[in-house]
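K.L.:
sequence and computational prediction follow.
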Amino acid sequence: MKKRSMCYILLAVILLFAACGKKAQTWQELYDLGEKYLLEENYEEAIVTFTSAIELDPKQAVIYIGRGDAYAKHQDEENHLELALADYSQALELDDSIPETYLGMADVYVQQEDYEQALEILQKGYETTNSEEILEQISAVEEIKNEQENENMANENAESTYEGPGELYFENEALTVAKTGEN
């Protein structure tokens, strides 16, 4: 009887180990999987995977950056840019030395056409990290901002100088009015 009990206990232990044979994933494994989903442009799966990694270790800034990147690119999500900014902000609180955090935040601000905020966060990032990539992005955002300002000025000038009647047409990206002979 004692041998039979021991066999049952041994069998139960073996079954327990077999059931637990698959080890739990670490935050790093989930992070790597999330990065894979990002590369595949599978943003929904990336968000779910990064969220699981955050649940395992909420003190890893890179996970928030990864999820922020996924949110920034996941345009099916209604408030995806706000969610991305929240994740980038959390990453900055955890570790302000990672250039990708500043670059991600600036990208969101550029998508929102808030070039001043983008430049401000990039400048802060450059002062903190001395990253050449951030310095390059500052130049790129300044160029976009200047182009946008020039385009806005051209549109304002075109609207304010048109006296009508006439036909409007574009020539060499400048607004031209052809008078029809009527004053």
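P.N.:
Okay, I see it. Residues are numbered from 1 along each chain as shown.

K.L.:
and the next helix or strand past the helix or strand bottoming out on mean pLDDT in the chain?
P.N.:
The least trusted helix or strand in the chain, going by mean pLDDT, DSSP states H and E, turns out to be helix 2-19, with a mean of 42. Following helix 2-19 in sequence order, the next helix or strand is helix 27-39 (DSSP states H and E).

K.L.:
pull the distance from that next one to the chain's centre.
P.N.:
Centroid separation for helix 27-39 versus its chain: 15 Å, with C-alpha atoms, centre = their mean, to the nearest Å.

K.L.:
longest helix of this structure, counting residues only.
P.N.:
As assigned by DSSP state H, the longest helix anywhere in the chain is helix 132-161.

K.L.:
which parts of it are buried?
P.N.:
Under the neighbour-count criterion of 16 or more other C-beta atoms under 10 Å, helix 132-161 has 134, 137-138, 141, 145 buried. For glycine as for every other residue, the C-beta is placed from the backbone atoms N, C-alpha and C.

K.L.:
kindly report the same for stretch 25-40.
P.N.:
Buried-residue list, stretch 25-40, by 16+ other C-beta under 10 Å: 27, 30-31, 33-35, 37-38.

K.L.:
quick one: average confidence on it?
P.N.:
Taken as a whole, stretch 25-40 has a mean pLDDT of 97.

K.L.:
using CSV, list the CA coordinates for it.
P.N.:
C-alpha atoms of stretch 25-40 as CSV (Å, rounded to 0.1, in the frame of the first residue of the first chain):
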residue,chain,number,x,y,z
GLN,A,25,8.1,34.6,-20.8
THR,A,26,10.3,37.4,-19.4
TRP,A,27,9.7,41.1,-20.1
GLN,A,28,12.7,41.0,-22.5
GLU,A,29,11.2,38.1,-24.5
LEU,A,30,7.9,40.0,-24.8
TYR,A,31,9.7,43.2,-25.6
ASP,A,32,11.6,41.5,-28.4
LEU,A,33,8.3,40.0,-29.7
GLY,A,34,6.7,43.4,-29.6
GLU,A,35,9.6,44.8,-31.7
LYS,A,36,9.1,42.0,-34.2
TYR,A,37,5.4,42.9,-34.5
LEU,A,38,6.4,46.6,-35.0
LEU,A,39,8.7,45.7,-37.9
GLU,A,40,5.9,43.7,-39.4
